[in-house]
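[1] Fold the following and give me the result.
(4 chains, ligands or ions: 6)
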Amino acid sequence: MKKLINHPDTVVRETLEGMALAHPNLIKVHFDPHFIYRADAPITDKVAIISGGGSGHEPMHGGFVGMGMLDAACPGEIFTSPTPDQMLEAAKMVNSGAGVLNIVKNYSGDVMNFEMAAELALSENIKVSNILIDDDVAVKDSLYTQGRRGVGTTVLAEKICGAAAESGYDLTQIANLCRKVNSNGRSMGMALTSCTTPAKGSPTFELGETEIEVGIGIHGEPGRERLSLKSADEITEMLTLSILEDPIYTRTVREWNLETGEWEELTISDPPLKTGDSVLAFVNSMGGTPISELYIIYRKLVEICEKKGIKIIRNLVGAYITSLDMQGCSITLLKLDEELVKFWDAPVKTPSLYW
Amino acid sequence: MKKLINHPDTVVRETLEGMALAHPNLIKVHFDPHFIYRADAPITDKVAIISGGGSGHEPMHGGFVGMGMLDAACPGEIFTSPTPDQMLEAAKMVNSGAGVLNIVKNYSGDVMNFEMAAELALSENIKVSNILIDDDVAVKDSLYTQGRRGVGTTVLAEKICGAAAESGYDLTQIANLCRKVNSNGRSMGMALTSCTTPAKGSPTFELGETEIEVGIGIHGEPGRERLSLKSADEITEMLTLSILEDPIYTRTVREWNLETGEWEELTISDPPLKTGDSVLAFVNSMGGTPISELYIIYRKLVEICEKKGIKIIRNLVGAYITSLDMQGCSITLLKLDEELVKFWDAPVKTPSLYW
Amino acid sequence: MITQKQLLQWLETLVQVFNDHKDYLTELDAAIGDADHGINMSRGFQKVGEKLPTLPDQDLGNMFKTVSMTLISSVGGASGPLYGTFFLKASAIAAGKHQLTDEELGTLLQAGVEGVIQRGKANLGDKTMVDVLTPAVEVYQKAIAQGDTIKEALVKTVATAEQAMKNTIPLMAKKGRASYLGQRSIGHQDPGATSCYLILKTLGETVEG
Amino acid sequence: MITQKQLLQWLETLVQVFNDHKDYLTELDAAIGDADHGINMSRGFQKVGEKLPTLPDQDLGNMFKTVSMTLISSVGGASGPLYGTFFLKASAIAAGKHQLTDEELGTLLQAGVEGVIQRGKANLGDKTMVDVLTPAVEVYQKAIAQGDTIKEALVKTVATAEQAMKNTIPLMAKKGRASYLGQRSIGHQDPGATSCYLILKTLGETVEG
Ligand SMILES: Nc1ncnc2c1ncn2[C@@H]1O[C@H](COP(=O)(O)OP(=O)(O)O)[C@@H](O)[C@H]1O
Ligand SMILES: Nc1ncnc2c1ncn2[C@@H]1O[C@H](COP(=O)(O)OP(=O)(O)O)[C@@H](O)[C@H]1O
Ligand SMILES: [Mg+2]
Ligand SMILES: [Mg+2]
Ligand SMILES: [Mg+2]
Ligand SMILES: [Mg+2]
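    Ligands and ions are numbered 1, 2, ... in the order given. Take a look at the predicted model:
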């Protein structure tokens, strides 16, 4: 394994140290427990947005802390969910009294840790809503699995909810908005190469010189199927059609009911994308793929969407939710409406998204 | 070779097509000859800034076209200098009458092609200045080589000169500013892995599992020396000391004298960095190295500079001048003064630098 | 009856056990998960080890609460909240006590299992730690009710846990990360079921003396 | 004397020659440069080939100017401006003509070499195309001055070029990309010197008939 690190055990801490030094005007870092938070937190009367997850997906989530996006991010060990004490301390630090929205990617570890954090926060009289992101169409059913994983839509939800919080939305409104973004977003990814985690030191899975892994998550786990290497256009077509042809998706999630003060089960159905929809198209590098190749993908994506009558009215092209050094890409399509467009366009000032 | 491309011959064109589709508000792309230019060019009374070079270094240069930075960028084939006709057509497109500054990285191909372009432009009554960037301390002498290569300082010069042009500097002032930025900037890079060009399809050089290449350029050419793998801290120290301990550097360059209308030889000496200097620290990924590792580098860089009495007052951390999928990093230190800080901080609106 | 000393001994041994089985559990997790279960458990019990000197002065309720909080704040992943909840529920049963009757130990384990199920929503057969915990604790309680000594009951418990752990091999995972693999999860032993077995086995050995 | 037809034939053959030697030149460039010289030259002469049908109607001046502009706008890298300048200077000498005397050919080559030197500032011994061009053109002019026929003179020119090309092997590069390698550039034949040799060799063969 060749990486620019000192020791597998110090990667997360040293990354955080570097971030704090590089962006003192935007963020601060709290150590033990670790979390990154807005330099100017808490913001009076503003709902605080917190996210978190295993490390190794940089710039997500820490790179998205700042005005108009996250108030705090809780990084776990590499590819391991962070712990409730991080989330609780972060909530205490950034909560202004208007409550906290936790944006949680749907992995059993993240979900359970954020649920415990919510219970702890609620017991300290912090209003909390946990909203799940589960947008990965590579996972087909929700009955016989943990349900769809949270991938690309997470970044978009963080941006959009962050802007809504900035505009004065209250916790219930933001929770509804976040649920909408999740319902409107669908993603699919693929890998040319496996990533290598510092702890293991060798590729998580082996891919031959002419093989690709399709339907991967973001933790180096194997994907839905292994195929022979294809051209960028063919790969784009495959990913895009997986998203466009994905049927209605229904699952039951557990959410905290702020009024009854109890967990309750909620059944959510996401309608498929359809002709005439306006979307945000997000082409993402898994980390090792250069931006030039993302533009080649984007070019084909535009062509396919045009043919299918889907209008791309916003886009994001770059490395935003990654798997360490993995080569590959993911595509996310998020159906937009006026509300989402407004909050997508709103200013954002974070280390890795800034306008 | 596994890449998200369709064919080695179409990589450059398709990347440009994708860029044009992704950023219609910021840039436009002209094909045959290829160049990227500001969507709102020419800007009345503003000096136009053009750069260019081989492709494969994305986002440089095309990703830096827009308000406050470049007016046009000319991409060559992968790692091959663009041609004078591209530069001439780009100059015609973006020149408002206030003249054109060409920012040229010091490679024989780039230098000669930009010189020819300047001659062609001058013969069409476009005022042109070509300023060289030659900041790579890995190249020791200028007498027995082509002179230092242009690397990381290029990005900083493009940003700073772009802002100066926006503020109303005339061509002579901007040429002077660009020369100053170049004199104030020093860089050093290293590779963990070789890049793979689409045309060759296999790594340009072979590095063992425990070897690194130090003092590399940005074209996959071998570096100054091959060493055994080291920790991030050791690598940071090695690169930083190469820069800090680099003595005065003197060389003769050829510049067009706007008054005499002739090429003239100019001898330039860059003083070394010294205790008490304020700098911009730029930690750059060669393409395949994730941003988390750059922060680990940055953290150590801050520590070393502090010890040496060098004050880092601005920074840039990310993948800005790359070698395709190469894993590795480069460090650039740019000595700052009030003028440079002002123009660094000024707004910029390009696909890949935006504030 | 089981004393605080024995329970402390159990925890102390677990620190060693998870250190020794770090690579083994991680390898199991590499096959159908993300190759970190051993790392997570050993990191967590390492931290528990650091807390050991402070535990003898507390009652069992506070002792298990400390274990719970330590695991919750250091394991992460799916197993952190699950084992954390197990010990949190246990601490409620053990509050104010310095020893447990055989029946109380059963009630404590039972509460722990219920906490895990509440937290993780796994059903029997989903190929998780629940597949070991549920039958093992059931066997313990039945044995004590039948008049077995605690030693006898724990021998049966550990045997049941071992078999249950092996029984996860042919199952298809329906919860946790392994569920994404669908059919491909069949044929591998569940890492969380394995760490559960190790915990119960160590308890048995501690009481055995 | 050399006719326009012969010069056209030369260019036409060069399209083929650079197509055939693409990998060879690229390999030479891989050793001490960036592995593109063959690709650059073949891309450039491919474009010249596309222009061939338009050339017979022009005088030699315009013909070489077209070649120059085509190479300049399609080769890129270091060799593009250098060969482009070579043919640009040649075009000035050939302006208005449809054939060249033996002396005029010498003057034309001489002007081309001077252009390359002006543009690239390389000295003899810097391990570049200049190391082939300078002695070869000198030999041609001397031979013609001594009364050699053009055929005889070109035989000597090509022989000199071949030897000069090989002489670049032990040199350390001081110009171009290879100069970054310092000592490591020793022991490799310069790719640009090699493409120069191919150009002169093809000229000789064309006149040979
Ligand atoms: N919902 C759940 N209910 C019960 N046990 C679960 C659940 N999800 C995962 N597990 C257990 O957790 C184990 C994995 O733990 P670990 O590897 O530490 O966490 P992660 O899966 O987050 O990496 C699995 O082997 C399984 O036994
Ligand atoms: N300054 C120079 N003067 C003369 N010839 C040069 C100079 N620089 C480079 N060359 C020639 O150009 C050749 C390399 O051409 P090419 O590979 O096409 O361009 P690049 O080096 O830009 O990739 C070298 O082998 C050398 O002969
Ligand atoms: Mg994990
Ligand atoms: Mg080249
Ligand atoms: Mg795991
Ligand atoms: Mg070359």
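
[2] Residue C:112 sits in which helix or strand?
    Per DSSP states H and E, residue C:112 falls inside helix C:102-120.

[3] How about residues contacting the helix or strand just after that helix?
    Helices and strands here follow DSSP H and E; after helix C:102-120, the next one along the chain is helix C:130-145. Residues outside helix C:130-145 that contact it (CB atoms under 8 Å, 6 or more residues apart in numbering or on different chains) are C:102-103, C:105-106, C:109-110, C:112-113, C:116-117, C:120, C:122-125, C:150, C:152-154, C:156-158, C:160-161, C:164-165, C:167-168, C:171, C:190, C:193, C:196-197, C:200. All C-beta spots, glycine's among them, are computed from the backbone N, C-alpha and C.

[4] Can you say which of those are buried?
    Listed as buried from the contacts of helix C:130-145 are C:102, C:105-106, C:109-110, C:112-113, C:116-117, C:120, C:122, C:150, C:153-154, C:156-158, C:160-161, C:164-165, C:167-168, C:171, C:190, C:193, C:196-197, C:200; burial here means 16 or more other CB atoms under 10 Å in any protein chain shown.

[5] what about the helices in the stretch 1-150 of chain A?
    Per DSSP state H, counting those that start in this stretch, the stretch 1-150 of chain A carries helices over the ranges A:11-22, A:84-94, A:108-123.

[6] tell me what the lowest-mean-pLDDT helix or strand in chain C is packed against?
    None of the helices or strands of chain C scores lower by mean pLDDT, DSSP states H and E than helix C:22-32, at a mean of 93. Packed against helix C:22-32 by the contact rule (3 or more CB pairs under 8 Å, 6 or more residues apart in numbering or on different chains; DSSP states H and E) you find helix C:37-51, helix C:191-208.

[7] between those helices, which gets nearest to ligand 5?
    Nearest of the helices and strands packed on helix C:22-32 to ligand 5, taken as CB to the ion: helix C:37-51 at 4.7 Å.

[8] Which element, helix or strand, includes the closest residue to residue A:131 other than its chain neighbours?
    Spatial nearest neighbour of residue A:131, excluding adjacent residues (CB to CB, 6 or more residues apart in numbering or on different chains): residue A:178 at 4.1 Å. Using DSSP H and E, residue A:178 sits in helix A:171-184.

[9] now swap in residue A:234 and tell me
    Counting by DSSP H and E, the element that carries residue A:234 is helix A:232-244.

[10] before we move on, back to that, columns distance to residue B:25 on top of the helices and strands packed on helix C:22-32, output as CSV?
    Converted to CSV, the helices and strands packed on helix C:22-32 look like this (distance: least, CB to CB, whole Å):
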stretch, distance to residue B:25
helix C:37-51, 46
helix C:191-208, 50
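
[11] To chain D, which of the ones you listed lies closest?
    The stretch from the helices and strands packed on helix C:22-32 with the least distance to chain D (CB to the nearest CB) is helix C:37-51; that distance is 42.8 Å.

[12] Need the mean per-residue confidence for the helix or strand following the closest one.
    Downstream of helix C:37-51, the next assigned helix or strand under DSSP H and E is helix C:60-72. Per-residue pLDDT values over helix C:60-72 give a mean of 96.

[13] So for the helix or strand following helix C:60-72, mean pLDDT?
    Sequence order places helix C:79-94 as the next helix or strand after helix C:60-72, per DSSP H and E. If you average the pLDDT over helix C:79-94, you get 96.

[14] Show me how far helix C:79-94 is from its chain's centre.
    9 Å (CA atoms, centre = their mean, to the nearest Å).

[15] Check whether that helix comes near chain A.
    Yes. Residues of helix C:79-94 contacting chain A under CB under 8 Å from any CB of the partner chain: C:79, C:80, C:81, C:82, C:84, C:85.

[16] Could you find the closest non-adjacent residue to the residue sitting furthest away from the middle of chain C?
    What lies farthest from the middle of chain C is residue C:183; by CA atoms, centre = their mean that is 26.5 Å. Closest residue to residue C:183 apart from its sequence neighbours, by CB to CB, 6+ apart: residue C:172 at 6.3 Å.

[17] Verify the contact between the one you found and residue C:187 for me.
    No. Counting by CB atoms under 8 Å, residue C:172 stays clear of residue C:187, with 9.7 Å between them.

[18] The helix holding residue A:234 near chain C at all?
    No. Contact of helix A:232-244 with chain C is not found when judged by CB under 8 Å from any CB; the minimum separation is 15.3 Å.

[19] How about the contacts made by the residue nearest to residue A:144 when sequence neighbours are not counted?
    Distances taken as CB to CB, 6+ apart put residue C:174 closest to residue A:144, at 5.2 Å, once the chain neighbours are dropped. Residue C:174 makes contact with A:144, A:145, C:122, C:123, C:125, C:126, C:127, according to CB under 8 Å, 6+ apart.

[20] Residue A:2 and ligand 5, how far apart?
    25 Å (CB to the ion, to the nearest Å).

[21] what residues are up against that residue?
    Applying CB under 8 Å, 6+ apart, the residues near residue A:2 are B:192, B:193, B:209, B:210, B:212, B:229, B:327.

[22] Give me the neighbour count for the fifth one.
    It refers to residue B:212. The tally of other residues near residue B:212 (other CB atoms under 10 Å in any protein chain shown) stands at 24.
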